[in-house]
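**Student:** here are the coordinates; sequence isn't available:
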């Protein structure tokens, strides 16, 4: 018997329409999910920005307190009655006759950079009657840049290890303020220390027991050493200074290389350090590439405004020779500035009683060479004070002295730092 099989197939038109409808719904679902994701990201972004703004407001607006797990954080204004006292005016305790009345003999008006951050560890808060040591960090930035927050993490690290620490802002020498000059910054450091001491007294600490360590890098190291050597009666006794790659002379003639136009002293070995110092091998910026002694130009720009009386005439016409490769050292204005520059040089103020200083310099630093340390070493030796000066060296380090430190160099530096804590502080023995 034959059987007829009837094959029933779905209409292909119906199948195509179903697939299209499925794909349409699938696309709509993807679009909906995408919109949800985008809205979620926007919401999260707004939440993050809100809390960042909240945190920023709590940090930047003075007299705010934030309690962390390990420390009390304070942001404090350093001015009194919206002014910074000028100690370099005639009759002031730091008056320099050759410079005359800086800022026309007036105190300095407060600006937004007159404040500092203070971190007080809970261990110190629990031991107020016996606690002593404060660490002040001064940021770098070539005197024209940088902010206190650049070293805030260092302050927090010190506080997490039991130290009261602070980092300050200061007026930048970039012409923004009509009364700006190098010595205003010195007065700002004094203002910070006065306010810091007052704040700690209000927190219950014994202000008569306090002792200070000043730490600075680059321009911050220059300011640290200048303040430490110049100010004979600081508000808080300074026990020692940590100078990391700091320029110690503002005379551009001390920033020259031995052989201009050759490569910097990249591969100086530990055995060659003495020779480099003796020959005043100061590395200049970009000189090997351009033939222009940039340090001369760089530093003379600062001398132009360091003393609160910027010149109105063209810098090039006054200082440079026709080829603009070197400063015209026979120029009368140049000679006048050079005479004044020594008052901004830390080496000028070194005496037999100068504060112990731990120095760190690098072999590949194209801005501040080991010759700057040589100038300081000579000043300490000339004053029979070499026992209070220590030199640490990073052979392959750059302007960040801690970059490329070898294990032995790290051991050398931290051993020296531990020695300074144990030798020069009146407080208990610290382990670094």
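**Tutor:** Yep, it's here. Computed from a predicted structure; not experimentally measured. Residues are numbered from 1 along each chain as shown.
**Student:** now stretch 200-215: mean pLDDT?
**Tutor:** Mean pLDDT, stretch 200-215: 94.
**Student:** that stretch: end-to-end distance?
**Tutor:** 20 Å (CA to CA, to the nearest Å).
**Student:** assign a three-state SS to residue 119, would you?
**Tutor:** strand (DSSP: H, G, I helix; E, B strand; the rest coil).
**Student:** ok, now how distant is it from residue 306?
**Tutor:** According to CB to CB, to the nearest Å, residue 119 stands 31 Å off from residue 306. Backbone N, C-alpha and C define where each C-beta goes, glycine included.
**Student:** repeat that for residue 117.
**Tutor:** On the measure of CB to CB, residue 117 and residue 306 end up 26 Å apart.
**Student:** before we move on, what about residue 222?
**Tutor:** Distance from residue 222 to residue 306, by CB to CB: 11 Å.
**Student:** the two: which is more packed in?
**Tutor:** A side-by-side neighbour count of residue 222 and residue 306, using other CB atoms under 10 Å, places residue 222 first with 29 against 23.
**Student:** packing partners for the host helix or strand of the more buried one?
**Tutor:** Here residue 222 sits within helix 219-230, counting by DSSP states H and E. Contacts defined by 3 or more CB pairs under 8 Å, 6 or more residues apart in numbering; DSSP states H and E place helix 219-230 against strand 133-138, helix 182-202, strand 211-217, strand 238-244.
**Student:** let's see 10 Å
**Tutor:** strand 133-138, strand 164-168, helix 182-202, strand 211-217, strand 238-244, strand 357-362, helix 371-382 (3 or more CB pairs under 10 Å, 6 or more residues apart in numbering; DSSP states H and E).
**Student:** do you know which of these lies nearest residue 123?
**Tutor:** strand 164-168 (9.9 Å; CB to CB).
**Student:** what is the mean pLDDT for the closest one?
**Tutor:** pLDDT averaged over strand 164-168 gives 94.
**Student:** next: stretch 181-197.
**Tutor:** Rounded mean pLDDT across stretch 181-197 is 94.
**Student:** same deal with stretch 126-135?
**Tutor:** Averaged across stretch 126-135, the pLDDT comes to 91.
**Student:** for that stretch, measure first residue to last.
**Tutor:** End-to-end span of stretch 126-135 (CA to CA): 18 Å.
**Student:** repeat that for stretch 208-226.
**Tutor:** Span of stretch 208-226 from end to end, CA to CA: 24 Å.
**Student:** buried sites along it?
**Tutor:** For stretch 208-226, the buried set under the neighbour-count rule, 16 or more other CB atoms under 10 Å, comprises 210-226.
**Student:** with stretch 84-98 instead?
**Tutor:** Across stretch 84-98, burial judged by 16+ other CB under 10 Å covers 84-89, 92, 94-95.
**Student:** list just the nearest of these to residue 373.
**Tutor:** residue 94 (26.0 Å).
**Student:** contacting residues around that closest one?
**Tutor:** Neighbouring residues of residue 94 by CB atoms under 10 Å, 6 or more residues apart in numbering: 86-88, 102, 183, 186-187, 190, 230-232.
**Student:** now render these as a markdown table, adding distance to residue 391.
**Tutor:** Formatted as a markdown table, the contacts of residue 94 follow (distance: CB to CB, whole Å):
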| residue | distance to residue 391 |
| --- | --- |
| 86 | 35 |
| 87 | 32 |
| 88 | 31 |
| 102 | 34 |
| 183 | 28 |
| 186 | 25 |
| 187 | 30 |
| 190 | 29 |
| 230 | 22 |
| 231 | 24 |
| 232 | 25 |
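**Student:** so which two of those residues are the farthest from each other?
**Tutor:** The span of the contacts of residue 94, defined through CB to CB, is set by 102 and 232 at 18.9 Å.
**Student:** okay, the two: which has more neighbours?
**Tutor:** residue 102 (26 against 10).
**Student:** checking residue 158 next. Helix, strand or coil?
**Tutor:** helix.
**Student:** isn't it right up against residue 123?
**Tutor:** No. Contact criterion CB atoms under 10 Å: residue 158 and residue 123 do not qualify, at 11.8 Å.
**Student:** neighbour-wise, which of these two wins?
**Tutor:** It is residue 158, of residue 158 and residue 123, that has more neighbours when counted by other CB under 10 Å, with 23 against 16.
**Student:** can you tell me how far the more buried one sits from residue 236?
**Tutor:** For residue 158 relative to residue 236 (CB to CB), the value is 16 Å.
**Student:** identify the bridge partners of residue 361.
**Tutor:** In this entry, residue 361 is beta-bridged to residue 393, by DSSP bridges.
**Student:** now the strands for this structure?
**Tutor:** Here the chain has its strands, by DSSP state E, at 64-67, 71-77, 83-84, 108-109, 115-121, 133-138, 164-168, 211-217, 238-244, 357-362, 389-394.
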